[in-house]
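S.K.: below are the sequence and a predicted model; questions follow.
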Amino acid sequence: MRDHQKLVIQLSSHDSVAIALCDLVPGMQLKIPPYKIIDIRQEIPTGHKVALEPIALGRPVLRYGQVIGYATEFIHQGDWVHTHNLSEGKIQFHSKINIVNPLTYPASNNIPHFMGFKRADGRAGTRNYIAVISTVNCISATAQQIARAFTPDIMSDYPNVDGVVAVTHSSGCSIPSNGLSLKLLHRTLENLLHHPNIGGAVLISLGCEVNQMGDCNSLSINPDHDNGNVQSKSPFLVVQQLGGVHATIDTAIAIIRDFLPKVNALQRTSLPVSWLTVGLQCGASDAWSGITANPLVGLVTDRLTYYGASAVLAETTELFGAEHFLTQRVVNQQVGERLVEKMAWWQEQAARFGFSIDNNPTPGNKAGGLTTIYEKSLGAVAKAGSSPLNAVYDYGEKVVLPGLVFMDTPGNDPCSVTGQVAGGCNLILFTTGRGSVFGNGLAPTLKIVSNSETYQRLQSDIDFNAGPIVDGESMHVLADRLIDLVIDTASGKRTRSEWQTSYQAEIYPWQPGAIL
């Protein structure tokens, strides 16, 4: 990465564009060693791209040393390169697979530890919640009223319980009883019920909805903590059978009051970071995300996976143009083929419903300097670091392997995080450029911002600033600080979003099917 007179950054010597470090205006000159002097021909906003050389119609445009799209008109040296003269061309992906050796993990006594809640199934909680989980959207308000009954004054008597939270969603009925939407919703809610950050739960139902979960024998939790080893069936309350909302609320409150001392009995203990399952996520990305925040998280990912933690990359639609960075480092042929199959499914869906994968970049992404899905993906995949890819999971499927894995999810970050948390992620590393206020509510979500301007503007919502990397601060030094913050957060330090969120978890299960 080279900066030229503090005006632009050229990420690779092969790149045909550079990124503006400040607003560029006509009359400015860039001196690109060893020979080029480039006259700025147009106004170019901070974070956007300037052409370092003439680019003919139809020719590829390179950033990161990779193709981010193709010129839709002749681009002069010194021109602004953006959506008006750059497109993705024909969306395609590389299916070539390369197998690498898996990581060898060190002994647990040679890796850092955090203070977590040891669960009976061998997983670790970074939080200890009691959850009120609704099976259908029409009783969301009931779940929220139950959670709100447990005020800070009441919870102050139970310091080892992080709160009572309502887990609600917008589905559960008017969907096909044998469709994919119901299958994914059922899996998501069932796995959330077993999440290591939940020490006890009450499941509530209206009674007549399509999403019938009462016959699911595996719905069990840990309300009786005898060193985390005793499990019992989760209470399942049906509003229509109990006599209405008020009766359900009263019954649930009584059950949770009985839970509280039992859930509070479990205390944090020292656990190796190999017990962490970390979701890698980005939202409201900008041109700096792929330069600062995402590669920074990639360094942290490499360290965590080296220690034996699980790191879960997701957002399949944000792999197009960057998939080769994963398919070229899989541990076996099956993992590579599954990833290619998932991408082919999304491409088929796009064709079936008449949209393009390139619809993924949002207006905010584009205002922040991103153009095509290729450019966005190349920045996003940096969160995965350089570790071998050990597995590919379906949406919301329980993650059981250590190391770097991938989960098939949409690119929408709240929906994607929901799948990761259902899979068992007990902490989320969430990078952002434009700024995000999302916080899952079940897994602590660390917000890492790509630039100092957004950090200054949204300090109350951001946990870590990766912006100083642009000014020359060492990415490895910042990675050390971020690792420390990860361990502190896993040990109970509250994130910015946790300080602002109470009673309600932000859960958005993927619902790809029809609403009837």
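M.R.: Now that the structure is in, tell me what you want to look at. Numbering: from 1, shown residues only.

S.K.: ends of stretch 93-107, how far apart?
M.R.: Separation of the first and last residues of stretch 93-107 by C-alpha to C-alpha, to the nearest Å is 38 Å.

S.K.: let me fix that, I meant to ask about stretch 48-68.
M.R.: This stretch, stretch 48-68, spans 13 Å end to end (C-alpha to C-alpha).

S.K.: quick one: distance of it to the chain centre.
M.R.: Chain-centre distance of stretch 48-68: 29 Å, with C-alpha atoms, centre = their mean, to the nearest Å.

S.K.: mean confidence for it?
M.R.: Averaged across stretch 48-68, the pLDDT comes to 96.

S.K.: for it, buried residues please.
M.R.: If you call a residue buried by 16 or more other C-beta atoms under 10 Å, then stretch 48-68 has these buried ones: 48-52, 55, 61-64, 66-68. All C-beta spots, glycine's among them, are computed from the backbone N, C-alpha and C.

S.K.: then stretch 204-212?
M.R.: By 16+ other C-beta under 10 Å, the buried positions in stretch 204-212 come out as Ile204, Ser205, Leu206, Gly207, Glu209, Val210, Asn211, Gln212.

S.K.: now these in TSV, with pLDDT?
M.R.: Listed next are those as TSV, based on pLDDT from 0 to 100:
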residue	pLDDT
Ile204	96
Ser205	95
Leu206	96
Gly207	94
Glu209	93
Val210	92
Asn211	92
Gln212	90
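
S.K.: tabulate these (TSV), appending distance to Gln10 and secondary structure.
M.R.: Converted to TSV, these look like this (distance: C-beta to C-beta, whole Å; DSSP: H, G, I helix; E, B strand; the rest coil):
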residue	distance to Gln10	secondary structure
Ile204	56	strand
Ser205	58	strand
Leu206	58	coil
Gly207	62	coil
Glu209	56	coil
Val210	55	coil
Asn211	52	coil
Gln212	58	coil
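
S.K.: farthest-apart pair in those residues, please.
M.R.: For those, the farthest-apart pair by C-beta to C-beta is Ile204 and Val210; their separation is 15.9 Å.

S.K.: that older thread, pick the one among the buried residues of stretch 48-68 closest to Thr454.
M.R.: Set against Thr454, the nearest of the buried residues of stretch 48-68 by C-beta to C-beta is His48 (15.8 Å).

S.K.: on the three-state scheme, Ile68 is what?
M.R.: Here Ile68 is strand, with the state taken from DSSP: H, G, I helix; E, B strand; the rest coil.

S.K.: wait, it sits on Gly369?
M.R.: No - using C-beta atoms under 8 Å, Ile68 makes no contact with Gly369, being 11.4 Å away.

S.K.: what do the two both touch?
M.R.: By C-beta atoms under 8 Å, 6 or more residues apart in numbering, Ile68 and Gly369 have no common neighbours.

S.K.: going along the chain, name the strands of the stretch 351-500 of the chain.
M.R.: Using DSSP state E, counting those that start in this stretch, the strands found in the stretch 351-500 of the chain span residues 389-393, 403-407, 427-432, 445-449, 464-465.

S.K.: contacts for the third one?
M.R.: In this case it means strand 427-432. Identification of contacts with strand 427-432 by C-beta under 8 Å, 6+ apart yields 126, 276-285, 289, 293-294, 297, 300-301, 383, 413, 417, 420-421, 436, 438, 440, 443-450, 454, 462, 466, 486, 489-490.

S.K.: rerun at 6 Å
M.R.: Applying C-beta atoms under 6 Å, 6 or more residues apart in numbering, the contact partners of strand 427-432 are 126, 278-284, 289, 293-294, 297, 417, 443-449, 490.

S.K.: again, but for the last one
M.R.: The contact list for strand 464-465 (C-beta under 6 Å, 6+ apart) reads Ile448, Val449, Tyr455, Leu482.

S.K.: quick check: closest non-adjacent residue to the last one.
M.R.: Right, Leu482. Among residues not flanking Leu482 along the chain, Val300 sits closest, at 5.3 Å (C-beta to C-beta, 6 or more residues apart in numbering).

S.K.: do the third one as well
M.R.: Residue nearest to Tyr455 in three dimensions, not counting chain neighbours: Asn465, with 4.1 Å by C-beta to C-beta, 6+ apart.
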